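>>> below is the sequence, then the predicted model.
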Amino acid sequence: MALFKKFGQKLKQLFQSHAIDEDFFDSLEDTLIEGDLGSRLTEEISSELRALAKKEKNLSAEDLQKKMKELLSRYLKELDVPLGDGLTLFLMLGVNGVGKTTTIAKLSKYYSKKGAKVLLAAADTFRAAACEQLDIHAERLGMRIVKQKTGSDPGAVIYDAITSANAHGDNLILADTAGRMHNKENLLKELKKIDKVIRARGISEENYYRFLVIDATTGQNGLSQAMLFNEAVGLSGIILTKYDSLAKGGALVQIGKLLDIPIAFVCTGEGYDDIRPFNKEEFLDSLVGLDA
């Protein structure tokens, strides 16, 4: 698996090729910042590893790697997303280009295979291509879709989708949303309006998930995206696309540390079956170079 291996290999090489001295910790801090862990978290990790190295003189490189994994593990959570009783709705969020529409298609197949009756809602009415893309996926997968013309009120699409799902006995709605508008304020206002419609239509909190889709290659921008969308609707979890890329991954740790948002799914390729629940142990092993 290629995920984060480039960064993990760099860390492993650093641990194995340097004596544990000041030069080592200087190089470690540079590498962690390069890996998108940010200066504050980098300083925290470095300080704790320094203290451990000072206390225990005979630590191996692998011991330090395992300690780093333990420290980073505090900030990462997995999110299990079973479908309970009643109608569940996933509000899919993310900037344009991260693979949000394809992720919706993957989730629709993933849950259909588990016996769910899925409805797609094309509530990204800002961008004509978004509705067309979702429509194509719906046709290929044999899913029902609720849509309106470009420029329609996205809240109305969601309203209609919930009405339709209740009438047809669906138990999961996957709702697309706009990732860009004319300005940030309009985007936030629209998302808050959609959120209000969903809550007013009787979707219970335990059946309502707000998922942010992030491209694994995004780096620090992933944190700013999480902060923006979390401000709008309060995120339930992260879904990571391009998980098989040579990304660095530290931004996910920052999102967990600063916003306490868990990770639900990872997308590992272009096919409809290329999605699976996030595995924290696997991610961290790759990130710190224990499997590199």
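Received it, and whenever you're ready, just let me know what you need.

>>> ok, Arg210 - contacts?
91, 93, 195, 229, 233-237 (C-beta atoms under 8 Å, 6 or more residues apart in numbering). For every residue, glycine as well, the C-beta is placed using N, CA and C.

>>> and those residues, which two are the farthest apart?
Greatest spatial distance among the contacts of Arg210 (C-beta to C-beta): Asp195 and Gly237, at 15.5 Å.

>>> just the contacts of Arg210 now: which is nearest Asp63?
Distances from Asp63 to the contacts of Arg210, taken by C-beta to C-beta, are shortest for Gly237, at 32.5 Å.

>>> helix, strand, or coil at Asp23?
Classification of Asp23 by DSSP: H, G, I helix; E, B strand; the rest coil places it in helix.

>>> gap between it and Arg144?
61 Å (C-beta to C-beta, to the nearest Å).

>>> so Tyr209: helix, strand or coil?
At Tyr209, secondary structure determined by three-state DSSP is strand.

>>> repeat that for the one 5 residues further on.
The assignment at Ile214 comes out as strand when based on three-state DSSP.

>>> thought it was touching Ser224?
No. Assessed by C-beta atoms under 8 Å, Ile214 is found out of contact with Ser224, at 10.7 Å.

>>> which of these two has more residues huddled nearby?
A count of neighbours by other C-beta atoms under 10 Å puts Ile214 above the other of Ile214 and Ser224, at 28 against 12.

>>> setting aside sequence neighbours, what's the nearest residue to the more buried one?
Gly222 (4.5 Å; C-beta to C-beta, 6 or more residues apart in numbering).

>>> then Thr241?
Using C-beta to C-beta, 6+ apart, the closest residue to Thr241 is Gly99 (3.9 Å).

>>> next, give phi and psi for that neighbour.
Dihedral angles of Gly99 (phi, psi; degrees, to the nearest 10) stand at phi 100, psi 30.

>>> give me phi/psi at the closest residue to Lys147 other than its chain neighbours?
Excluding the flanking residues, the one nearest Lys147 by C-beta to C-beta, 6+ apart is Ala122, at 3.9 Å. Backbone torsions for Ala122, taken as degrees, to the nearest 10, come to phi -90, psi 80.

>>> with Ala121 instead?
phi -120, psi 120.

>>> mind checking how far it is from Lys55?
Applying C-beta to C-beta to Ala121 and Lys55 gives a distance of 55 Å.

>>> need the contact list for Val266.
Taking C-beta under 8 Å, 6+ apart as the test, what Val266 contacts is 239-241, 243, 275-279.

>>> Asp23 and Arg144: who's more crowded?
Arg144 (15 against 10).

>>> strands of the stretch 51-200 of the chain, start to end?
88-93, 118-122, 144-146, 172-176 (DSSP state E, counting those that start in this stretch).

>>> OK, contacts around the residue lying closest to Gly151 once chain neighbours are set aside?
Distances taken as C-beta to C-beta, 6+ apart place Thr125 nearest to Gly151, at 6.0 Å, with adjacent residues excluded. If you count contacts by C-beta under 8 Å, 6+ apart, Thr125 has them with 131, 148-154, 157, 178.
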